[in-house]
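Chemist: A structural model of the following input is requested.
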Amino acid sequence: MRRFTPALAALAVVASLFAACEPQPPAAEPTARAYAAAWAKGDYQAMWDLLTDDSRTRVGADGFLGRLPRIAEEMTLKSLDATTGAAVHPAGPNGSPDPRRATAPLTVTFHTQRVGDFKRDTLLTLVMVGEKDKASWKIDWTPEAILPRLATGRLVRMTRLATSRGRIIARDGTELATFTDAAVVGVVPEQIKNEPGMLASLSSALALKADDIKAKYNASWVRPDSFVPIKTLSGPAFNTLRPRLSVIEGVQIQPERVRSYPTGLASQLIGYMGEATEADGQKLGARGYAAGDLIGKTGLEQQLDDVLGGSFGWRLAIVDPDERPVETLAETAPVPGQDAVLALDPVLQAAAEKALGDQKGAIVAEDPWTGEVLVLASRPSYDLNLFVSGESAAIAALNADPKKPLLARATNGQYPTGSSFKPVTAAAALRNGLYRAGERIDCPAAWSGYGIVQLNHETGNLGPIDMRTALARSCNTFFYELGKRLNDTKTDLLPNEALSFGLGKATDIDFVLEQSGIVPSPAWKQATFANPQDKVWNPGDATNLAIGQGYLLATPLQMANYSAALANDGIVWKPRMVLELRTRDGVTTKRFEAARLGSANTTPIELSLIRDGMRAVVSDPNGTVYFKFLGFPTSVAGKSGTAETSSGNPDAWFIGFAPYDGPKLAIAALFE
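Modeler: This is a model prediction of the structure:
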């Protein structure tokens, strides 16, 4: 056996020491982890610095530093988590692991706003550059390092998935707001070759101003490839114009289901739709809406927009340059809008609108035992379909019309009530013991109980009469005396009685905008006026209030609700227009139950005396509306009112209920 000499042994030791001092090649994992950490922080420059020179030359700064933020924006990326695993060295030419090349697994979880979270596994290819102590690992980057199938030329695309709007339906199933087939005429800006020629042809065909068309496709939300809706056409109008429209460069026609209002009823209640503004788009962004989309602008279309409109869905995908899908990365399904079912009775609504004709006025009818609003009519009215088709001239005419057809008089009109308020005065006097059943009070042509002469509407002296006759003949001087008795006892008695019937405050009806009206009182005058003299509660304020004049204002909805309380022994309901919300297949998702707001400050016995007087208004030969109801087949109780206004032309009221012995309908009718 050969033995090592001491010299050879010493040489081996020196060699091993020398080998230990040689710099070892660095591991690949730290570079992969640094790349992942930089990505999680959104530090694209740090990621760029880790790429090989060949990668940076191949992809270019914009292809990396510009593209990654664009992809993040397209994804609606909120944040991401990136983790790497152990690097693996591929086999080299001699079959052994290549020490200068490696791959590291990369797992990325993307947290997005629109499609939630999704995860993808990919690989980082690493290359060692430099020698010995200058050796380091760099990433040989390709787009597949972002997503496995994101080959060069492919795109990441977020696509919005359409939703469907719900209907507005009457209590019997009649569709008040639904959809019909139509065609939307629009402009695609990048396809316009001759802008002046396009504008001239399109404005002529659609009867729109060229500047109005141009303003639409120049809106800030519009991209070069956007389809910008200009006008919606349906039926014969579209068939006539289609040949002209089809040859205009830059103009496209898209079939679409558009909103339709087939009955023409309750226009102010239903409301119309219009294009979302930039501010609307930001507000509704969580539901996928953007500027230019159609949303509810007035009425129930606006107040129930989140229910009716639903939410758009989103699909995030990798697509080829021609937009053909390669892979769906994540998807959020659209949420279809729900139907809203109203208490409205379309037969009664149509009858009320016909009765009003084109006169300025309103009729509200309510079920006195549930608070369901069966009629909410305002006239003059308008055709909601004008807003669907975008008839700008007709819409401008509506806005300029001095009769204000867009005004929802039933809920937003505030009017002095006149003598239709007198049952409140009667209830206050009975409740506070200031009038006893059967008592007779003088009804002269003029009354001066407070030293100021105030006139009755009848010129003769009727002598002493009871409350029944006073209501039937609407004797002002009788009620001046009751107003004085109430005011002399306590100035708040009559105002508080009116408040207890629901006047002077919003009815709290859901989804319908309304005014609150005014019930004047000493406290109200103190809070309302600045001039000390105007703050004083005068005796004239009390007597004016007793006959429904002065500062008193009410909406027709409030008056119908008050009429219902007279009919039902004093229950003040929260009026209900929307009964329930349903899915499109008829499943109820929410029901709005009957709810009491309170009780009028009266008793059933006292109300029976008042109802007897209201019956006399209609049935007694001297009743103020006897001849109007002569021969009417249903027994009605009511109270008329002629209210003085600042214009000098009075408003006309009628409140009431029917049938008298078992009320099923309470009503308030106003003619301006």
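Chemist: pretty sure Val326 contacts Arg157?
Modeler: No - the pair Val326 / Arg157 is not scored as a contact, 9.8 Å apart, by C-beta atoms under 8 Å. C-beta coordinates here come from the backbone N, C-alpha and C atoms, glycine included.
Chemist: how about the strands in the stretch 51-200 of the chain?
Modeler: Listed in chain order, the strands of the stretch 51-200 of the chain (DSSP state E, counting those that start in this stretch) span 77-84, 101-112, 117-129, 136-139, 155-161, 168-169, 175-187.
Chemist: Tell me which other helices or strands the shortest one touches.
Modeler: By that I understand strand 168-169. Packed against strand 168-169 by the contact rule (3 or more C-beta pairs under 8 Å, 6 or more residues apart in numbering; DSSP states H and E) you find strand 175-187, strand 339-342.
Chemist: which residues touch that strand?
Modeler: 175-178, 270, 300-301, 304, 308, 339-342 (C-beta atoms under 8 Å, 6 or more residues apart in numbering).
Chemist: for the record, mean pLDDT for it?
Modeler: Averaged over strand 168-169, pLDDT sits at 98.
Chemist: Okay, now the sheet partners of it, with direction.
Modeler: With DSSP bridges as the test, strand 168-169 is paired with strand 175-187 (antiparallel), strand 339-342 (parallel).
Chemist: Now do the shared contacts for Val326 and Arg157.
Modeler: By C-beta under 8 Å, 6+ apart, the residues touching both Val326 and Arg157 are Ala317, Ile318, Val319.
Chemist: nearest to Leu199, of these?
Modeler: Distance to Leu199 across these (C-beta to C-beta) is lowest for Val319, with 33.3 Å.
Chemist: What is the neighbour count of the nearest residue to the closest one once chain neighbours are set aside?
Modeler: Computed as C-beta to C-beta, 6 or more residues apart in numbering, the closest residue to Val319 that is not its neighbour in sequence is Arg157, at 4.8 Å. Using other C-beta atoms under 10 Å, Arg157 has 16 neighbouring residues.
Chemist: Give the full set of residues in contact with Phe654.
Modeler: So Phe654 contacts Ser420, Val625, Gly638, Lys639, Ser640, Gly641, Ile667, Ala668, Ala669 (C-beta under 8 Å, 6+ apart).
Chemist: can you check Glu144 too?
Modeler: Applying C-beta under 8 Å, 6+ apart, the residues contacting Glu144 are Thr122, Leu123, Leu150, Ala151.
Chemist: So for Ile509, which of the strands of the stretch 51-200 of the chain sits nearest?
Modeler: Nearest to Ile509, of all the strands of the stretch 51-200 of the chain, is strand 168-169, at 15.7 Å by C-beta to C-beta.
Chemist: now that closest one: how far from the chain's centre is it?
Modeler: Distance of strand 168-169 from the chain centroid (C-alpha atoms, centre = their mean, to the nearest Å) equals 15 Å.
Chemist: got it, and stretch 154-166?
Modeler: Averaging C-alpha positions (C-alpha atoms, centre = their mean) puts stretch 154-166 22 Å from its chain's average.
Chemist: repeat for stretch 228-237
Modeler: 25 Å.
Chemist: Just the buried positions in that stretch, please.
Modeler: By 16 or more other C-beta atoms under 10 Å, the buried positions in stretch 228-237 come out as Val228, Pro229, Ile230, Lys231, Thr232, Leu233, Ser234.
Chemist: give me the beta-bridge partners of the first one?
Modeler: Beta-bridge partners for Val228, by DSSP bridges, are Val187.
Chemist: pretty sure it is in contact with Lys216, am I right?
Modeler: Yes - taking C-beta under 8 Å as the definition, Val228 is a contact partner of Lys216 at 5.5 Å.
Chemist: Overlap of the contact sets of the two?
Modeler: What both Val228 and Lys216 touch, as defined by C-beta under 8 Å, 6+ apart, is the set Val187, Val222.
Chemist: Make JSON lines out of the buried residues of stretch 228-237 and add pLDDT, distance to Ala352 and secondary structure.
Modeler: Output for the buried residues of stretch 228-237, formatted as JSON lines (pLDDT from 0 to 100; distance: C-beta to C-beta, whole Å; DSSP: H, G, I helix; E, B strand; the rest coil):
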{"residue": "Val228", "pLDDT": "90", "distance to Ala352": "41", "secondary structure": "strand"}
{"residue": "Pro229", "pLDDT": "87", "distance to Ala352": "35", "secondary structure": "strand"}
{"residue": "Ile230", "pLDDT": "89", "distance to Ala352": "37", "secondary structure": "strand"}
{"residue": "Lys231", "pLDDT": "86", "distance to Ala352": "33", "secondary structure": "strand"}
{"residue": "Thr232", "pLDDT": "82", "distance to Ala352": "30", "secondary structure": "strand"}
{"residue": "Leu233", "pLDDT": "83", "distance to Ala352": "33", "secondary structure": "strand"}
{"residue": "Ser234", "pLDDT": "75", "distance to Ala352": "29", "secondary structure": "coil"}
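Chemist: ok, of those residues, which one's closest to Ser378?
Modeler: Taking C-beta to C-beta as the measure, Thr232 is the one of the buried residues of stretch 228-237 closest to Ser378, at 25.8 Å.
Chemist: Direction included, what does the helix or strand hosting Val572 pair against?
Modeler: Using DSSP states H and E, the element containing Val572 is strand 571-573. Strand 571-573 has the following sheet partners, assigned by DSSP bridges: strand 596-599 (antiparallel).
Chemist: tell me what whatever helix or strand comes next after the strand it pairs with is packed against?
Modeler: Downstream of strand 596-599, the first helix or strand assigned by DSSP H and E is helix 604-619. Secondary structure elements in contact with helix 604-619, counted by 3+ C-beta pairs under 8 Å, 6+ apart, are helix 422-431, helix 467-473, helix 556-567, strand 637-643, strand 651-658.
Chemist: Between helix 604-619 and the longest one, find me the angle.
Modeler: For helix 556-567 and helix 604-619, the angle between their directions (axes from the mean of the first three to the mean of the last three C-alpha atoms, to 10 degrees) works out to 110 degrees.
Chemist: what's the distance between helix 556-567 and the middle of its chain?
Modeler: Taking C-alpha atoms, centre = their mean, one finds helix 556-567 lying 28 Å from the centre of the chain it belongs to.
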